[in-house]
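Participant: fold the following.
(chains A and B)
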Amino acid sequence: MSEQTRSETAEQTSEKLVELAKRRGYFFQSSGAYGGVGGFYSFGPQGAALKGNVEDAWRDRFAVQEGNMEIDAPTIMPEPVFEASGHLDGFDDMLVECPDCGESHRADHVVEDNTDYEDAESLPIPEVEEVIAEHELVCPSCGAGLAGQAVEAFNLMFETNIGPGDSDPGYLRPETAQGIFVEFPRLKEYARNQLPFGVTQIGRAYRNEISPRRSIIRTREFTQAELEYFVDPEEDEPDLESVEDVEVTLYPASEQNSEDGGELEITIGEAVDEGIIANEWVAYYLGVAKPWYGAVGVDMDRFRFRQHLSGERAHYAADCWDAESEIDGNWIELAGFAYRSDYDLSKHDEYSDDRFTIFKQYDEPKTVERATVDPDMSYLGPEFGGAAGDVVDELETLAERDRSAFEGDVVEIELEDESETHEIPVEKTGFSVDEETIAGEHIVPHVVEPSFGVDRLVYTVLHHAYREDEVDGEERTYLELEPEVAPTFVGVFPLQNDDDLEAVADDIVDDLRDAGLSVTYDDSGNIGRRYRRQDEVGTPFCVTVDYETIENEETTVTVRERDTTDQKRLPVEDLAETLAAIREGNLEFEDL
RNA sequence: GCGCCGGUGGUCUAGUGGUAGGACAUGAGCUUCCCAAGCUCAUAGCCCGGGUUCAAUUCCCGGCCGGCGCACCA
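Facilitator: I've put the predicted structure just below:
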């Protein structure tokens, strides 16, 4: 198949999928009755169920199985949070439009690329405009002068007001992560001040994208599933052994930069040994994520991990890999795996009143000698008046720096803005050297962040599940969804409209629902049409009650499998148990 | 945000300066003993605003929305 043909086929798949999604209740543009609004999508009944199942699978793997804790924080947080996180500045793009060719460019980039300014982003807008005029900067595309063009600020965060008036601005979070970081002081208490520990959150995040694109792949409101794993960088190590044999497709930065670079098939263990994945924590989570993606239905032949190029890394990330899936011949980002070091917690520690540190107890308490002063204020006060406080500070500093200064009868000190030295009798300083026991120190934990985009994953799962084939000469469309995530697990039909058949079918529906399965009942049209209907939404199994069911002594029904359309006759008695076992992955249909 | 193209029942689409036709889907009924069959009937549509015109779904302008390209995506 030629490149072009393949891409055309892929486009058709995407179009058909979007059409199916609208028609069958997977997802569709929201507020359609009011003309629609860009970048916002609603998940319909099928889509919401699929998404919920994917989230449950994520929760099970990344919270429950990993022993992490899940929280649920607000989507709106006050301005200071984002001052600390860097989103208020860093998320603020300055755009300047070329008067000639009409192209928009990042004004700060234009300035940085052509002047000595290194951090133009931090400059106020009027100043950027001035710099552009002074240096007679030109449009990178066509070379026309940009002097005099207005620079416009565009912040990707949605702003709102908390309470009445506009004195208390708030923002819709641009990533769920901040909700975890901000609550760290309380979460660390909950974790009993022990590293390492992990906190997960599944929730919405918001970015006022300049141009949302490609249905639910890039929207303005989306769902993230994030894990923030807090570690002691000196002590904690991931359980690499448990994932070292996981085979992955890697696309490292070095390969992306080289002309004939390509993807590597390699195990996690080898990739770490060869230094391809520099950070062991990142390697560990790549190893955890890969089989998980496979289990929810991502086609592993259209999946890879790509390392960020140095230029595209976020301000905090030391090393970063993305999980990517191929859609329409393009690679889209499904997840980011970043080692964020202590960036976030340090910032919040600095900006807030709380401590974002963990007290790390030493194996053995350390005993240190410490020189301290305890000045006699009844002497220093009258002697130095208002400068007494400064004198105390100076004495404290001096004691730490130079004990020998206290060996004589008097101590000589210099105050900052005075040239003359002052002499203070040593006995008035309260100088002493004491042994002090130090049990540990406060450290800022480092954080490893696997961050998953749920909507894109749902899209990928649907796209990779889309199938067309022929059954008895008739075309068929079906979704080969994994039973674990399929929105509806089983359809139950009476073969025909017949009160006796319907009664049995109703009972079966109740039984299956009692067993915790997602069931749909359908008695309209002929049986083939009902099978096709379920195929199209990806229901893995259909149960049909026929006359044999009610005529024979042993009550049996046919169970039809979606992908093969094979049917087997099973006793109604064990039906719920059998199907539940299949859903749990403990039993295969073909082995029945 | 810029440029190009587009917007007709739930979905896909035909067509027109005098307000629309099909296919599929959906509902009711008939038929039907396992894969989108057949028959009858029914429900349902010209994105929004302004302009031109006796008359606009159609032509013009603007907006909204979508696709693609550019830019953006911490």
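
Participant: next to RNA strand B, which bits of the stretch 451-592 of chain A? Give me the list.
Facilitator: A:471-472, A:474-477, A:495-497, A:524-529, A:531-533, A:535-536, A:544, A:546-548, A:557-558, A:560, A:565-567 (Cβ under 7 Å from any atom of the strand). Glycine gets a C-beta too; all of them are placed from N, C-alpha and C.

Participant: which strand residues bridge the residue nearest in space to the middle of chain A?
Facilitator: For chain A, A:Ser451 is the residue whose C-alpha lies nearest the centre (Cα atoms, centre = their mean; 2.2 Å). With DSSP bridges as the criterion, A:Ser451 is bridged to A:Glu226, A:Gly336.

Participant: can you pull the contacts of it?
Facilitator: Counting by Cβ atoms under 8 Å, 6 or more residues apart in numbering, A:Ser451 touches A:175, A:177, A:224-227, A:335-338.

Participant: quick revisit: now the buried members of the residues of the stretch 451-592 of chain A next to RNA strand B.
Facilitator: With burial judged by 16 or more other Cβ atoms under 10 Å, the buried subset of these is A:476, A:495, A:527, A:531-533, A:535-536, A:544, A:546, A:557-558, A:560.

Participant: who does the host helix or strand of A:Ile424 pair up with?
Facilitator: In this assignment (DSSP states H and E), A:Ile424 forms part of strand A:421-425. Strand pairing for strand A:421-425, using DSSP bridges, gives strand A:410-414 (antiparallel).

Participant: buried stuff in the strand it pairs with?
Facilitator: A:411, A:413.

Participant: contacts for that strand next, please.
Facilitator: With contacts defined as Cβ under 8 Å, 6+ apart, strand A:410-414 is touched by A:391, A:394-395, A:398, A:405, A:420-426, A:429, A:431.

Participant: among those, find the lowest-pLDDT one for me.
Facilitator: Among the contacts of strand A:410-414, A:Glu420 carries the lowest pLDDT, at 72.

Participant: separation between it and A:Pro375?
Facilitator: 20 Å (Cβ to Cβ, to the nearest Å).

Participant: repeat that for A:Asp354.
Facilitator: Applying Cβ to Cβ, the value for A:Asp354 to A:Pro375 is 32 Å.

Participant: OK, contacts around A:Phe82?
Facilitator: A:Phe82 neighbours (Cβ under 8 Å, 6+ apart): A:88, A:91, A:157, A:171, A:178.

Participant: thinking again about what came up before, A:Asp354 and A:Pro375 - which one has more neighbours?
Facilitator: A:Pro375 (18 against 13; other Cβ atoms under 10 Å).

Participant: of the contacts of strand A:410-414, keep whichever come out buried.
Facilitator: Among those, those classed as buried by 16+ other Cβ under 10 Å are A:391, A:394-395, A:398, A:405, A:422, A:424, A:426, A:429, A:431.

Participant: among these, name the ones in helices.
Facilitator: Secondary structure from DSSP state H places A:391, A:394-395, A:398 of the buried ones among the contacts of strand A:410-414 in helices.

Participant: now these in JSON lines, with distance to RNA strand B?
Facilitator: Formatted as JSON lines, those follow (distance: Cβ to the nearest atom of the strand, whole Å):
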{"residue": "A:Val391", "distance to RNA strand B": "46"}
{"residue": "A:Glu394", "distance to RNA strand B": "43"}
{"residue": "A:Leu395", "distance to RNA strand B": "45"}
{"residue": "A:Leu398", "distance to RNA strand B": "44"}
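
Participant: buried sites along the helix or strand hosting A:Asp344?
Facilitator: Assigned by DSSP H and E, A:Asp344 belongs to helix A:343-351. By neighbour count on 16+ other Cβ under 10 Å, the buried set for helix A:343-351 is A:343-349.

Participant: quick check, A:Thr477 in a strand?
Facilitator: Yes: A:Thr477: assigned to a strand according to DSSP: H, G, I helix; E, B strand; the rest coil.

Participant: what bridges to it?
Facilitator: Where A:Thr477 sits in a bridge, its partners, by DSSP bridges, are A:Glu468.

Participant: report pLDDT for it.
Facilitator: Reading off the model, A:Thr477 has pLDDT 92.

Participant: against A:Leu17, how distant is it?
Facilitator: Look at A:Thr477 and A:Leu17: by Cβ to Cβ, they are 10 Å apart.

Participant: where do the contact lists of those two overlap?
Facilitator: Counting by Cβ under 8 Å, 6+ apart, the common neighbours of A:Thr477 and A:Leu17 are A:Tyr466.

Participant: can I see the domain layout of chain A?
Facilitator: According to automatic domain parsing, chain A comprises the domains A:3-79+A:161-344, A:92-155, A:362-436, A:488-591.

Participant: for the stretch 301-450 of chain A, which segments count as strands?
Facilitator: A:303-307, A:320-327, A:330-341, A:358-372, A:410-414, A:421-425, A:432-443, A:446-453 (DSSP state E, counting those that start in this stretch).

Participant: could the buried ones among the residues of the stretch 451-592 of chain A next to RNA strand B go into JSON lines alongside secondary structure?
Facilitator: Formatted as JSON lines, those follow (three-state DSSP):
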{"residue": "A:Arg476", "secondary structure": "strand"}
{"residue": "A:Leu495", "secondary structure": "coil"}
{"residue": "A:Ile527", "secondary structure": "helix"}
{"residue": "A:Tyr531", "secondary structure": "helix"}
{"residue": "A:Arg532", "secondary structure": "helix"}
{"residue": "A:Arg533", "secondary structure": "helix"}
{"residue": "A:Asp535", "secondary structure": "helix"}
{"residue": "A:Glu536", "secondary structure": "helix"}
{"residue": "A:Thr544", "secondary structure": "strand"}
{"residue": "A:Asp546", "secondary structure": "coil"}
{"residue": "A:Val557", "secondary structure": "strand"}
{"residue": "A:Thr558", "secondary structure": "strand"}
{"residue": "A:Arg560", "secondary structure": "strand"}
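
Participant: I'd like the residues you listed as TSV, with distance to A:His463 appended.
Facilitator: Output for those, formatted as TSV (distance: Cβ to Cβ, whole Å):
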residue	distance to A:His463
A:Arg476	18
A:Leu495	34
A:Ile527	29
A:Tyr531	23
A:Arg532	20
A:Arg533	20
A:Asp535	17
A:Glu536	15
A:Thr544	30
A:Asp546	36
A:Val557	33
A:Thr558	31
A:Arg560	25
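
Participant: which residues in the stretch 201-350 of chain A form helices?
Facilitator: A:253-257, A:268-273, A:280-296, A:343-351 (DSSP state H, counting those that start in this stretch).

Participant: of all these, which lies closest to A:Ala387?
Facilitator: Smallest distance to A:Ala387 across the helices of the stretch 201-350 of chain A (Cβ to Cβ): 30.7 Å, for helix A:343-351.

Participant: got the angle for the closest one vs strand A:446-453?
Facilitator: 120 degrees (axes from the mean of the first three to the mean of the last three Cα atoms, to 10 degrees).

Participant: fine, thanks again, bye for now.
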